[in-house]
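Novice: quick one: sequence and predicted model below, then my questions.
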Amino acid sequence: MKTLFISVKIFLVLTILTGIIYPLLITGLAQLIFPHQANGSMVIQNGKVLGSELIGQNFNNRKYFWSRPSAVNYNPLPSGGSNYGPTSKALKQQVIYREKSLQEANSLPQNASIPSEMIFASASGLDPHISPQAALMQVDRISKERNFIPKQKEKLLSLITNLTEKPQFRLFGEERINVFLLNLELDKITR
């Protein structure tokens with residue numbers, strides 16, 4: 001009986017400590033130190049939430065930069081990859097289709113090198129970033145669709161340069177661009 005009483009006391013103390021105090025403390029610190037990130041890194045324009053900087057979106061209009069493919073159609077609830085292995089016929093067919101589609105849409109030659117993130121879906125299906133090379137590959141298509149004059153195309157190229165994020169701590173990862181933020185800025189380019 002004594003052991004049961006001690007076990008219940010330890011259970012209650014740990015429940016209060018790890019189930020109430022710790023979460024409240026961490027939530028409070030996050031709201032105090034990193035309020036934007038703690039609230040989902042939401043992008044708000046004119047009082048309306050447009051999306052999160054952390055979750056990729058499906059851009060398929062030819063006037064916008066396209067994100068990398070998503071196995072879950074950018075739905076954050078069942079996030080995940082396709083789980084196709086390197087010997088999968090379905091994966092091979094998807095890659096060939098995506099490669100040809102990108103070549104046609106962007107008027108690229110058959111032997112053009114396409115960045116891998118544009119033909120392979122991410123593991124989470126939600127990555128909002130592409131490489132600067134993937135963005136540059138799409139510039140001519142976007143400029144043509146928007147009837148950009150050379151000055152606007154220069155603005156677009158400088159936008160890509162300015163929004164390119166360096167590797168974390170200049171050490172981890174590679175240079176990348178958030179497609180969602182890039183497309184928001186793209187709409188601001190005027191003559």
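Specialist: Structure received. Numbering: from 1, shown residues only.

Novice: mind jotting down where the strands sit in the chain?
Specialist: In the chain, the strands defined using DSSP state E lie at 42-45, 48-52, 129-130, 177-178.

Novice: as a markdown table, those with distance to Ala105 and mean neighbour count would be great.
Specialist: Bear in mind the C-beta positions are built from the backbone N, C-alpha and C, glycine included. Shown next, in a markdown table, are the strands of the chain (distance: least, C-beta to C-beta, whole Å; neighbours: other C-beta atoms under 10 Å):
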| stretch | distance to Ala105 | mean neighbour count |
| --- | --- | --- |
| strand 42-45 | 26 | 11 |
| strand 48-52 | 23 | 13 |
| strand 129-130 | 15 | 23 |
| strand 177-178 | 18 | 22 |
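
Novice: want to throw the ones you listed into TSV with distance to Pro150 and mean pLDDT?
Specialist: Shown next, in TSV, are the strands of the chain (distance: least, C-beta to C-beta, whole Å; pLDDT from 0 to 100):
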stretch	distance to Pro150	mean pLDDT
strand 42-45	29	88
strand 48-52	30	89
strand 129-130	24	94
strand 177-178	22	96
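
Novice: among the ones you listed, which is nearest Ser122?
Specialist: Closest of the strands of the chain to Ser122 is strand 129-130, at 9.1 Å (criterion: C-beta to C-beta).

Novice: show me how far that closest one is from its chain's centre.
Specialist: 6 Å (C-alpha atoms, centre = their mean, to the nearest Å).

Novice: please apply the same query to stretch 163-171.
Specialist: Stretch 163-171 has its average C-alpha position 15 Å from the chain's average C-alpha position, going by C-alpha atoms, centre = their mean.

Novice: can you check stretch 66-75 too?
Specialist: Centroid separation for stretch 66-75 versus its chain: 9 Å, with C-alpha atoms, centre = their mean.

Novice: thank you, goodbye.
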